[in-house]
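>>> here's my sequence, what's the structure:
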Amino acid sequence: MTFKDLGIIDPILKALEAKGYTYPSPIQAQSIPILLNRKDLLGCAQTGTGKTAAFAIPILQHLYNDQYKSKGQRKIKALIVTPTRELAIQIGDSFTAYGKHTGIVNTVIFGGVKQGTQTKALQRGVDILVATPGRLLDLINQGYISLKDVQYSVLDEADHMLDMGFIHDIRRIIDQLPKRRQSLFFSATMPPAIVKLSQKLLGNPEKVTIEPKKTTAERVEQALYFVSKKNKPKLLVHLLTQNEVDSTLIFTRTKYGADKITKFLKKVNIHSEAIHGNKSQNQRQNALLNFKEGKTKVLVATDIAARGIDVDGLALVVNFDLPNIAETYVHRIGRTGRAAASGIAISFCDIEEKPYLKDIQKLIAQEIRVIEEHPFLNSGDNEPVEKPKRPQRTRRTDRKPEAKKTDNAENRQRKDRRRKPFPRKRD
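The predicted structure follows:
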């Protein structure tokens, strides 16, 4: 099956061919016919499965066919809400690429930067708006945005919005949308709070589910290194110097950890950049652009900041820290092996992370291959150091027993003298 077989119009097909896309991914093949029939959709799929194109292509096609009926200034007809700046920008780039020959205008708004450029784009008029929740509500309250004309709404990465505390913002946004619209809802997992939110957003949706194990095991070669926490940086340097690849994405659990890795790599003359929540938007954008253009070969990122990183031909993903949520592992390694490409995902595991490893292997229904020989395997500090026990006091057996004091008359007399004050001398 090709995109042409799905009934995609020629202007979009031309753009897809320019990108080298001919055959749809499973989620695209299942979702596009549903969306072209203007039905609501509930999708359960990880990143890396091609879900952006699954909703972008039908929306562009609907707007292209509808624009001949509309007159006057452009109004927001499609709204895509997503949790992070990077993912919003990535989605905006996809709409621009797929809609290159349609005349459809999109713009992206997000926080962390001045709003002037964004409000000017809104005032000129847009057909598709991609937004993060906070900045969207802010500009609605300022009167720059009206959602009354929205015909297509997409809530992407809903589970991560929940994790980031956006649940109340999302409910406020949903309340402002027209009742009659086509609604799309995507989430990698479906906890009760997400199911409840989807019921509020959707009517009677069609459902598409792409299992996690189908997205990780087929094209991504996975490997595992057991290594102490202390020796993780040394093992990372060893792998980067022994195996030269064009692009490496390294994941850490914390912002401090990301900065610490870049400083360590700098000491051994390996250039890298970090992206995380403490970096400014310009710093994050420049680092990501340098990575995509090949100027920076090593990028270190936290999970939230890495949302939206889509680099063609990403060769290697390194889990410097194993994630404490198993689904996050699938998101991470899904950055490589995208579309029809192959990739490698390497994970470091110290003794404290073994419970995380167990959950990951249970989720993906396979055991990750262990590399049993590497320079830092038997380092002697791979196990936690036990605190030395305090030596117990033992009674000396060589000490002679003290002679028992006798309470004779002489001793009683001495005690009495200590108790009584000395008698005063009389003049």
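>>> show me what the strand or helix carrying Val154 packs onto, helices and strands only.
For Val154, the element it lies in under DSSP states H and E is strand 152-155. Counting by 3 or more CB pairs under 8 Å, 6 or more residues apart in numbering; DSSP states H and E, the packing neighbours recorded for strand 152-155 are helix 51-66, strand 78-81, strand 182-187, helix 192-201. To be clear about C-beta, it is placed using only N, CA and C from the backbone, and glycine gets the same treatment.
>>> how about those, which one is nearest Thr96?
Nearest to Thr96 among the helices and strands packed on strand 152-155 is helix 51-66 (9.9 Å), distances taken as CB to CB.
>>> so for the closest one, what gets flagged as buried?
Using 16 or more other CB atoms under 10 Å as the test for burial, helix 51-66 gives 51-64.
>>> what's the mean pLDDT across stretch 59-70?
What stretch 59-70 shows for mean pLDDT is 83.
>>> same deal with stretch 234-252?
Taken as a whole, stretch 234-252 has an average pLDDT of 89.
>>> centre of the chain to stretch 57-67, how far?
Distance of stretch 57-67 from the chain centroid (CA atoms, centre = their mean, to the nearest Å) equals 30 Å.
>>> just after the helix or strand of the chain with the lowest mean pLDDT, pick out the following helix or strand.
When the helices and strands of the chain are scored by mean pLDDT, DSSP states H and E, helix 212-216 comes last with a mean of 49. Later in the chain than helix 212-216, the nearest helix or strand by DSSP H and E is strand 220-226.
>>> may I see the buried residues of that following strand?
Buried, per 16+ other CB under 10 Å, within strand 220-226: 220, 222, 224-226.
>>> by contact count, what packs against it?
strand 343-349, strand 369-370.
>>> tell me the first helix or strand C-terminal of the strand holding Val154.
Heading C-terminal from strand 152-155, the first helix or strand you meet, by DSSP H and E, is helix 158-163.
>>> buried ones in whichever helix or strand comes after that next one, by neighbour count?
Using DSSP H and E, the helix or strand that follows helix 158-163 towards the C-terminus is helix 167-175. Neighbour counts over helix 167-175 (16+ other CB under 10 Å) mark 167, 169-170, 173-174 as buried.
>>> got the angle between helix 167-175 and strand 182-187?
Counting by axes from the mean of the first three to the mean of the last three CA atoms, to 10 degrees, helix 167-175 lies at 160 degrees to strand 182-187.
>>> output stretch 184-203 in CSV with nothing but the alpha carbons.
Only the C-alpha atoms of stretch 184-203 are listed here, as CSV (Å, rounded to 0.1, in the frame of the first residue of the first chain):
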residue,chain,number,x,y,z
LEU,A,184,-7.8,13.5,17.6
PHE,A,185,-6.2,12.3,20.8
PHE,A,186,-2.8,10.6,20.9
SER,A,187,-1.1,9.1,24.0
ALA,A,188,1.6,6.5,24.5
THR,A,189,-0.1,5.1,27.6
MET,A,190,-3.7,5.1,28.8
PRO,A,191,-3.8,5.6,32.6
PRO,A,192,-7.3,6.3,34.1
ALA,A,193,-6.8,10.1,34.1
ILE,A,194,-6.0,10.0,30.4
VAL,A,195,-9.0,7.8,29.6
LYS,A,196,-11.2,10.2,31.4
LEU,A,197,-9.7,13.2,29.5
SER,A,198,-10.2,11.4,26.2
GLN,A,199,-13.8,10.8,26.9
LYS,A,200,-14.3,14.5,27.5
LEU,A,201,-12.5,15.4,24.2
LEU,A,202,-13.9,12.7,22.0
GLY,A,203,-17.4,11.5,21.1
